[in-house]
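Engineer: my questions are about this predicted structure, shown below with the sequence.
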Amino acid sequence: GGIITQTPKFLIGQEGQKLTLKCQQNFNHDTMYWYRQDSGKGLRLIYYSITENDLQKGDLSEGYDASREKKSSFSLTVTSAQKNEMAVFLCASSLTANSDYTFGSGTRLLVI
Amino acid sequence: GEQVEQLPSILRVQEGSSASINCTYENSASNYFPWYKQEPGENPKLIIDIRSNMERKQTQGLIVLLDKKAKRFSLHITDTQPGDSAMYFCAASPSSGSWQLIFGSGTQLTVMP
């Protein structure tokens, strides 16, 4: 079976800092996603990528950049961390359109 | 953007009873509706899904119903156990052939012994 790995698991940053989160999958899935999970607000899409070098903005893309360096990896950058920000960032991948996602275990971000 | 509304946000039931979670969506072209279960500290995992060519699907104590006219779908957990306690998310593809899913805001289910 495949696996989707997010690094780091925990990330503590300082206000204004640029922070990068990484995601790798070995399912050979075409599409990868970055979601942000806040308590009581469900999962909100930040960016997704249909294939290598493709990038599509989600509803929450402002304040973030993303990069699909190769098919197996998708990174997310918080361009300027906001003080007291606390959220879980979930990476996911899927094989085709209209198919289910496999999620990574998440990166928990805290900005001090 | 499009939204999926999920209710209730908190649900407490007695062990052995059933639990129901309801979701509504906006786009009548949506055709894929998965449900995810997320346990504390874990990632969401797919538990059951339904496509628009079906009205009902059942697997291992889970039933999903889809009412396309009302743009509503629901998850029913029969004979709940403490291990069913978790956060549950519904999701919908915004249109046919869409690469993304729109998630509901989640239901925190607690099954009391």
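Structural biologist: Perfect, thanks for sending it. Because the structure is a prediction, the values reported are computed rather than measured.
Engineer: now do the contacts for residue B:30.
Structural biologist: With contacts defined as Cβ atoms under 8 Å, 6 or more residues apart in numbering or on different chains, the neighbours of residue B:30 are B:52, B:71, B:92-96. For the C-beta atoms, the positions are set from N, CA and C on the backbone; glycine is no exception.
Engineer: now the residues you listed in a markdown table, with pLDDT?
Structural biologist: As requested, the contacts of residue B:30 are exported to a markdown table (pLDDT from 0 to 100):
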| residue | pLDDT |
| --- | --- |
| B:52 | 92 |
| B:71 | 96 |
| B:92 | 94 |
| B:93 | 89 |
| B:94 | 79 |
| B:95 | 75 |
| B:96 | 67 |
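Engineer: identify the bridge partners of residue B:7.
Structural biologist: residue B:22 (DSSP bridges).
Engineer: the lengthiest strand in chain A and chain B in contact?
Structural biologist: For chain A, the strand that runs over the most residues, judged by DSSP state E, is strand A:86-94. Yes: against chain B, strand A:86-94 shows contacts by Cβ under 8 Å from any Cβ of the partner chain at A:90, A:94.
Engineer: so for that strand, what gets flagged as buried?
Structural biologist: A:87-94 (16 or more other Cβ atoms under 10 Å in any protein chain shown).
Engineer: check stretch A:103-112 too.
Structural biologist: Result for stretch A:103-112 [16+ other Cβ under 10 Å]: buried residues A:103-109, A:111.
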